[in-house]
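A.B. asks: how would this look folded up:
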Amino acid sequence: MKALLDSLKKALGDKVRDKITDTLLYRYDAIAQGPAPLAVVLAETARDVATTLELCSAAKMAVVPRGASSGLSGGAVPVGDCIMIATNRMTRLEIDPIKRIARVQPGVITDAISAAAKKHGLYYPPDPASSRQSTIGGNIAENAGGPQCLKKGVTGDYVLELEFVTADGQIQRADRSGIDLAGMIIGSEGTLAFVTDAVLKLEPLPKYTRTAFAVFNELGQAGRAVALITARGLTPAKLELMDQNSIRAVEQFMNMGLPTDAEAILVCDTDGDDADIVNLEIESVAEAFREANAREVRLAASPEEAAQLWKARRSVSPALGNIRPHRFNEDIVVPRSKLEPAMREMQEIAKHYPHFPFAIFGHAGDGNLHPNILFDRTKDSIEEVDHFAHEVARVAIAHGGVLSGEHGIGMMKRGFMTEATPRETLEAWWRIKHAFDPNGIMNPKKVLPELQP
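C.D. replies: Predicted coordinates:
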């Protein structure tokens, strides 16, 4: 252990921090925590990462990548002795407006990409809720989405090329042609390789955006509205849902005059470069809301009014955090036709855990829901929270869905994987893992569960 730390310090100097006052700050993400790493490497270049991995590989020491610690599945949390590589200093960002691309290091904040591209009339569409904090390295690790993923796609749809470092310290590049090596690394949560640079596709900013807001007396009506919008062949830019507990949490937190007796709210954007088409689409969305018996439908008349309509949805996460200090933020995906029964079943499960506040919100347009279990780590049973979360996850599986749409598996959902994924698939994934990482040092005990003989 000492020999490894001495080697790292000799090679990287003061980029290596091993004082407990430093390492304690790196033991957590937004939802989970573990032991402090043995040391943190504040990498600045791909060569820094390569040197660290080469030395750790020789010592068979685990390595954990970390961006902004905004993850919601424990993917960047230490689970034992490890060296952590932090990307805070890897912040180079270059925009090529001619090619419509951004070249970024992994520590670049997600929103900074669109901010830099905006002066050229461009933007980066993936917009996770944490985009003001999260880094592009973490987004690539989780294949993050966000409200715009319904129409625009997720992170992986915008990655054109990756530079990455393998477990033995080799720096490599891969584009999306041939065998999609970059595609394997996207969403692998740092278990295969360490991303050190990415080339991202940018898009022109849409010229027009319209917003609609609808209130429903019954949750099933909101689910039906989503199905009607899909059946009409519409693909909104965003289509977001809040259930009654989400509405009440936001109203308690923000005092916005929201209808706390309603069972659901939907907020929708349409966008594009043809004003007539955008207007026709939002009117068609509004018709679908009314056909599903929404008790109130509003169309924003200005960008300022649209921002106000979206304010409630954007306030859900901080509002829930105001109720309890910790939350298990699920990330399940179900077919849109199954939204109503799936949400009803989750609410029935929640009745068996009345001491844990429970709320559902998310990207209804593509069936990606975020059921949230609120708890206090200092008072509540973590095992009971985990059991509750497991029952919610089983609802998604039973309806033909999956465990994660954008938050990743990490360590929080690793135990659910044997139920959600066929053993043959898990075995294939393990073969890929062993090929990339024969010594098992890359973010161990994440994503893939141990398989019994």
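
A.B. asks: start to end distance for stretch 174-191?
C.D. replies: 17 Å (Cα to Cα, to the nearest Å).

A.B. asks: which helices and strands sit right next to the helix or strand of the chain with the lowest mean pLDDT?
C.D. replies: Every helix and strand in the chain was compared by mean pLDDT, DSSP states H and E; the lowest is strand 326-329, with a mean of 87. Other elements packing on strand 326-329 under the criterion 3 or more Cβ pairs under 8 Å, 6 or more residues apart in numbering; DSSP states H and E are strand 368-375, helix 382-398. All C-beta spots, glycine's among them, are computed from the backbone N, C-alpha and C.

A.B. asks: got the contact list for whatever helix or strand comes next after that strand?
C.D. replies: Note on strand 326-329: by DSSP states H and E, the next helix or strand toward the C-terminus is helix 339-350. Residues outside helix 339-350 that contact it (Cβ atoms under 8 Å, 6 or more residues apart in numbering): 219-220, 222-224, 226-227, 243, 332, 334, 356, 358, 360, 364, 367, 369, 371, 388, 391-392, 395-396, 398-399, 401.

A.B. asks: and the angle for helix 339-350 with strand 368-375?
C.D. replies: Calculated by axes from the mean of the first three to the mean of the last three Cα atoms, to 10 degrees, helix 339-350 forms an angle of 10 degrees with strand 368-375.

A.B. asks: what angle do the helix or strand just after helix 339-350 and helix 382-398 make?
C.D. replies: Downstream of helix 339-350, the first helix or strand assigned by DSSP H and E is strand 358-363. Per the same axes, to 10 degrees, the angle that strand 358-363 makes with helix 382-398 is 40 degrees.

A.B. asks: coming back round to it: could you dump the helices and strands packed on strand 326-329 to CSV with distance to residue 107, mean neighbour count and mean pLDDT?
C.D. replies: Compiled in CSV, the helices and strands packed on strand 326-329 are given as follows (distance: least, Cβ to Cβ, whole Å; neighbours: other Cβ atoms under 10 Å; pLDDT from 0 to 100):
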stretch, distance to residue 107, mean neighbour count, mean pLDDT
strand 368-375, 26, 25, 94
helix 382-398, 30, 17, 92
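
A.B. asks: which one of those lies nearest to residue 100?
C.D. replies: Checking these against residue 100 by Cβ to Cβ gives strand 368-375 as the closest, at 27.0 Å.

A.B. asks: quick one: contacts of the closest one?
C.D. replies: 145, 149, 241, 320, 323-324, 326-334, 339, 342-343, 346, 353, 356-363, 382, 385, 388-389, 392, 405-406.

A.B. asks: just the buried subset of the residues you listed, please.
C.D. replies: Using 16 or more other Cβ atoms under 10 Å as the burial test, the contacts of strand 368-375 include 145, 149, 241, 320, 323-324, 326-334, 339, 342-343, 346, 353, 356-363, 385, 388-389, 392, 405-406 as buried.

A.B. asks: isn't residue 248 up against residue 260?
C.D. replies: Yes. If you go by Cβ atoms under 8 Å, residue 248 and residue 260 touch, sitting 4.9 Å apart.

A.B. asks: looking at those two now, which is surrounded by more residues?
C.D. replies: Just comparing residue 248 and residue 260: by other Cβ atoms under 10 Å the higher neighbour count belongs to residue 248, 20 against 13.

A.B. asks: what strand or helix carries the more buried one?
C.D. replies: According to DSSP H and E, residue 248 maps onto helix 244-254.

A.B. asks: would you mind pulling up the elements that that helix packs against?
C.D. replies: Packed next to helix 244-254, using 3+ Cβ pairs under 8 Å, 6+ apart, are strand 264-272, helix 303-314, helix 316-321, strand 358-363.

A.B. asks: just want the angle from the first one to strand 358-363.
C.D. replies: The reference is to strand 264-272. Between strand 264-272 and strand 358-363, the angle comes out at 10 degrees (the same axes, to 10 degrees).

A.B. asks: given strand 264-272, what are its sheet partners and their directions?
C.D. replies: Looking at strand 264-272 with DSSP bridges, its partner strands are strand 208-216 (antiparallel), strand 238-243 (antiparallel).

A.B. asks: any chance you could map the strands in the stretch 1-150 of the chain?
C.D. replies: 16-17, 39-42, 63-66, 83-86, 93-96, 101-104, 122-123 (DSSP state E, counting those that start in this stretch).

A.B. asks: name the residues that touch the first one?
C.D. replies: Surrounding strand 16-17, the residues in contact under the criterion Cβ under 8 Å, 6+ apart are 5, 8, 9, 23, 39, 40, 41, 42.

A.B. asks: and stretch 350-366, how far out from the chain's middle?
C.D. replies: 18 Å (Cα atoms, centre = their mean, to the nearest Å).

A.B. asks: average model confidence for that stretch?
C.D. replies: On average, the pLDDT along stretch 350-366 is 94.

A.B. asks: contact partners for residue 109?
C.D. replies: Counting by Cβ under 8 Å, 6+ apart, the residues that residue 109 touches are 68, 131, 132, 133, 134, 135, 136.

A.B. asks: now do residue 277 against residue 270, distance only.
C.D. replies: 8 Å (Cβ to Cβ, to the nearest Å).

A.B. asks: of those two, which one has the most company?
C.D. replies: Between residue 277 and residue 270, counting by other Cβ under 10 Å, residue 270 is the more crowded of the two (26 against 13).

A.B. asks: tell me the pLDDT of the closest residue to that one other than its chain neighbours.
C.D. replies: Using Cβ to Cβ, 6 or more residues apart in numbering and skipping the chain neighbours, the partner closest in space to residue 270 is residue 281 (4.0 Å). pLDDT, the model's per-residue confidence, is 97 for residue 281.

A.B. asks: residue 304 versus residue 272, what's the distance?
C.D. replies: Residue 272 sits 20 Å away from residue 304, going by Cβ to Cβ.

A.B. asks: who's more crowded, those two?
C.D. replies: Legend: neighbour count by other Cβ under 10 Å for residue 272 and residue 304, higher for residue 272 (17 against 8).

A.B. asks: so the residue nearest to residue 270 touches residue 236, yeah?
C.D. replies: Yes. Residue 281 is within contact range of residue 236, at 7.2 Å (criterion: Cβ under 8 Å).

A.B. asks: which residues do the two both contact?
C.D. replies: Common neighbours of residue 281 and residue 236, counting by Cβ under 8 Å, 6+ apart, are residue 270.
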